[in-house]
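>>> Sequence and predicted structure are below.
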Amino acid sequence: MEEEHFEDGEDFNLPLPMTIESPEELFVIPLTRRPFFPGMAAPVLIEPGPYYEVLKSVAASDHKQLGLFLTKNEDADIYKLKLDDMHNVGVVARILRILPIEQGGAQVILNMEKRAEITGAPSKKAKYLKAKVRYHEDQPPSKVNKVLKAYSISIISTIKELLKLNPLFKEELQIFLSHSDFTEPGKLADFAVALTTASREELQEVLSAFKLQHRIDKALALLKKELDLSKLQSSITSKIEGSINKTQREFFLREQLKTIKKELGLEKDDKTCDVEKFNKRLKDREVPGDVFKVIQEELDKLNVLEIQSAEYSVCRNYLDWLTIVPWGKFSEEHHDIKEAHKILDEDHYGLTDIKERILEFISVGKLSGGVKGSIIGLVGPPGAGKTSIGKSIARSLGRKFYRFSVGGMRDEAEIKGHRRTYIGAMPGKLVQALKSCETMNPVIMLDEVDKMGQSYQGDPASALLEVLDPEQNKDFLDHYLDVRCDLSNVLFVITANVLDTIPEPLKDRMDILRLSGYITEEKVQIAKKYLIPRHRKDMGLKTSDVTFSDKALTSIIEGYAREAGVRSLENNIKKVLRKVARKIVESKSKRRSKTQITDSNLSEYLGKPIFTSDRFHSKTPIGVSMGLAWTALGGATLYIETLEAPAEKTSVRLTGQAGDVMKESAQIAWSFVGESIDRFAPGTPFFPEKNVHIHIPEGATPKDGPSAGITMITALFSLLLKKPVNPDVAMTGEVTLTGKVLPIGGVKEKLIAARRSKIKTLIFPHENQRDYDELPNYLKKGLKVHFVHHYDEVFEIAFGKTSERKKIPRKKTTAKKSTRKKNR
């Protein structure tokens, strides 16, 4: 027979040959998804390439047969396969029809005839994939025993059940029954397995089973598995359809009921309900005239709009906000000073000066008829109680309290609202606060004002200028509401850690109250009266379960939670209580044993102390002096260290991540020491051929400010005279080139830091004596404070009176008394 050539678009039938023996060697076409079974007829797509050439070669042969074998790996590259990469049992297929494809290649319809097993490679090396095969025929029907017949009947009944659930198999079953019957168990098993969605490996196992008993057993198992799967699928489908039908039925019934009620006058449509809701709200409010006019215009507009229109939703939301603002509704204020004092003492320990300011504030409100147009600024380190003080103010006045953080805020729309032209527009936080509190005179806390940001979307700090100005906020205009809103009755409480990052115009609008932090004695009382009882209750512990000694609390404060506030102290107490709770739970005894936390067993709960003493007790090294610094976390002690090393010429350098102002202070100190060396160290050369290194420890922490001026001068004189500074002296103060000591800020914070480090002798500028006198007596108790005008006095305190000191009169200065702002 001559070789066939397939033309594009040509459709033809190949003549079925008469009885021709199957060849010993067959061309092989690999299958990657599922194997075929004898008795099936199926189309196979052959792409242009080597297998298309195989197809043409087989079509030109007399037997027109080829082998179809499943690959061992589903993702195998069929163009690089070897015989070892395929399962050795497949089927022999005869070509029935070839349908050429326009894009190239052909679709060939194959009739699967019988099983074939690869026995080896072909005798001659072939250009395309070819193998020696051995054919397998099933038992003749006459030899079928009763067991196989029973299996066949079971398979037929399972297929019938499957047909009820999945009618798609009905046509395939009819085709099979037209060619064979259930008396041929081998073909029946092959057909049954072909109906399933079993995996390629499970199907290959059935194909490889030559024994009828083994094959039909596997086939029945896969068929039963498919039946269970179809039942589950049918159950899921029924549930979904039932749910959908129920939902649709309820929807239609609901619409019919709505129409009937509307006809009978028993129910109104959505638009009528919205209008009535808005009008009902207006009855409970005293709406200003201009706002009422806008509301009426919007109501008229709403009545002519269709509910389905997009404009209706916008108009409805606008009216919802306009009518939900509590126009004319105010909380009744309480001005009972005794009650306010009691509330403040219940919520906070210490902070006497802050409480006095708040009580004065409430007293003014009582005399003037209400607290109005006031902005309180609470500035202090974290954990000092700023937020809780705001809550106590609201509680004392009997007002609603609303807090939101402006830290990291970059969009002014958060304050003044979005314009209604934007999708998803909303009023600003202030209008939302009025809605939430349902009153026009709440206490609104703006938290973390010092951490606001800026972006292309605007500057929130500038937007707050209008909000926090009593002369402007009575006509506050929110971009969304677009009507004037009176915020003059709102009491604003602002919190911040530092004032440096707050713009001056915003700072000027606040009545600033400083929270400097707590000393050790105060923290002990706070822990005993507030922190321990609260967290003991939260963790399900009783008073009899755990107690803390005063020494243990002092050790926690000084060794684990050295800070201005009490947040770390609170966390450490919670850590101890958690360990006690676990100890109780793990204990097998029904009776709880009492745990006493003392100074001796504290390390069992918190480990070794984090902080150790940061000062020299017995003797300060030469060239070192102790200063006092102010930070955002409160006050701190700060050492200035100096060291000299040989060099070609006299020079000085400063390290420790000092800021520009501190660098200038170091230059001033260097110049002052050089100019006054004859008075303080007569006959001593000024660091000849020495490189003097000034260092501020904790180099990773940025430092700035002029208050370390006298500390740097003292450290340099100590290095020059080779004489140590008194270890119990700490100092702070800005110095000029003439030696005049100027005032500094953060007196209270620095005093607390000195008490924390157990310093007894302090040196402050004379002009800070007023700040010192205002401090409570318990902070000043046990301290010896020197207030100095000039560095000469500092020298005598730090090194003691020196008879060698040469009496050279100081240069007179005509500088006026400093009126500059205190800096830190």
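Now that the structure is in, tell me what you want to look at.
>>> Around Leu569, count how many other residues there are.
23 (other Cβ atoms under 10 Å). The way it works is simple: take the backbone N, C-alpha and C, and place the C-beta from them, glycine included.
>>> list the contacts for it?
By Cβ atoms under 8 Å, 6 or more residues apart in numbering, the residues touching Leu569 are 523, 526-527, 531, 556-557, 561, 563.
>>> Tell me the secondary structure at Arg285.
With DSSP: H, G, I helix; E, B strand; the rest coil as the basis, Arg285 sits in coil.
>>> can you tell me which residues contact the residue nearest to it when sequence neighbours are not counted?
Spatially, and ignoring its direct neighbours in sequence, Arg285 is nearest to Trp327 (4.3 Å; Cβ to Cβ, 6 or more residues apart in numbering). Contact analysis of Trp327 by Cβ under 8 Å, 6+ apart lists 285-288, 291, 440.
>>> cool, Lys583 as well?
Thr595.
>>> so it, which of the three states?
Once three-state DSSP is applied, Lys583 turns out helix.
>>> again with the one 10 residues further on
Three states are possible here, and by three-state DSSP the one that applies to Ser593 is coil.
>>> Leu148 versus that one, what's the distance?
Computed as Cβ to Cβ, to the nearest Å, the Ser593 to Leu148 distance reads 77 Å.
>>> which of those two has more neighbours?
In this view Ser593 and Leu148 are compared by other Cβ under 10 Å, and Leu148 has more residues nearby, 22 against 10.
>>> Now do the phi/psi pair for Gly540.
The phi and psi torsions at Gly540 (degrees, to the nearest 10) take the values phi 70, psi 20.
>>> right, and it touches Ala581 too?
Yes: Gly540 is within contact range of Ala581, at 7.0 Å (criterion: Cβ atoms under 8 Å).
>>> between these two, who's got more neighbours?
The neighbour comparison of Gly540 against Ala581 (other Cβ under 10 Å) goes to Ala581, with 17 against 11.
>>> Nearest residue to that one in space, ignoring adjacent ones along the chain?
Met539 (5.3 Å).
>>> Phi and psi next, for the one you found.
Torsion angles at Met539 (phi, psi; degrees, to the nearest 10) stand at phi -90, psi 10.
>>> Could you tell me the average pLDDT over the biggest helix by length in the chain, please?
Across the chain, the longest stretch assigned as helix under DSSP state H is helix 212-264. Taken as a whole, helix 212-264 has an average pLDDT of 76.
>>> How far does stretch 675-684 stretch from one end to the other?
End-to-end distance of stretch 675-684: 12 Å, with Cα to Cα, to the nearest Å as the criterion.
>>> Can you point out the buried residues in that stretch?
Of all the residues in stretch 675-684, those buried under the rule 16 or more other Cβ atoms under 10 Å are 676-677, 679-681.
>>> Buried residues, the host helix or strand of Glu346. List them.
Element membership of Glu346, judged by DSSP states H and E, is helix 337-347. In terms of neighbour count (16+ other Cβ under 10 Å), helix 337-347 has its buried residues at 340-341, 343-344, 347.
>>> Same check on stretch 571-579?
Quick answer for stretch 571-579 (16+ other Cβ under 10 Å): 572-574, 576-577, 579.
>>> looking only at pLDDT, what's the mean for whatever helix or strand Ile155 lives in?
Taking DSSP H and E as the criterion, Ile155 maps to helix 146-165. Regarding helix 146-165, the rounded mean pLDDT is 73.
>>> That one packs against which elements?
Under the contact definition 3 or more Cβ pairs under 8 Å, 6 or more residues apart in numbering; DSSP states H and E, helix 146-165 sits against helix 170-179, helix 185-195, helix 212-264.
>>> the inter-axis angle of that helix versus helix 212-264?
Note on geometry: by axes from the mean of the first three to the mean of the last three Cα atoms, to 10 degrees, helix 146-165 and helix 212-264 are set 20 degrees apart in direction.
>>> now the angle from helix 146-165 to helix 185-195?
Using the same axes, to 10 degrees: helix 146-165 against helix 185-195 is 30 degrees.
>>> Quick check: buried residues in helix 146-165?
Buried residues in helix 146-165 (16+ other Cβ under 10 Å): 148, 151-152, 155, 158-159, 162-163, 165.
>>> Relative to Ala340, how far out is the residue nearest to Arg285?
29 Å.
>>> same thing with Val735?
45 Å.
>>> now the helices for the stretch 401-550 of the chain?
Per DSSP state H, counting those that start in this stretch, the stretch 401-550 of the chain carries helices over the ranges 413-416, 429-437, 460-467, 504-507, 520-526, 532-538, 550-559.
>>> for Ala496, what are its contacts?
Contacts of Ala496 by Cβ under 8 Å, 6+ apart are 377-379, 448-450, 502.
>>> sorry, back to before: save the buried residues of stretch 675-684 as TSV, and put in pLDDT, distance to His87 and secondary structure too.
Output for these, formatted as TSV (pLDDT from 0 to 100; distance: Cβ to Cβ, whole Å; DSSP: H, G, I helix; E, B strand; the rest coil):
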residue	pLDDT	distance to His87	secondary structure
Ser676	89	101	coil
Ile677	88	101	helix
Arg679	87	105	helix
Phe680	86	101	helix
Ala681	84	101	coil
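>>> Redo the residues you listed as TSV? Include distance to Phe278.
Below are the buried residues of stretch 675-684 laid out as TSV (distance: Cβ to Cβ, whole Å):
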residue	distance to Phe278
Ser676	80
Ile677	84
Arg679	84
Phe680	82
Ala681	85
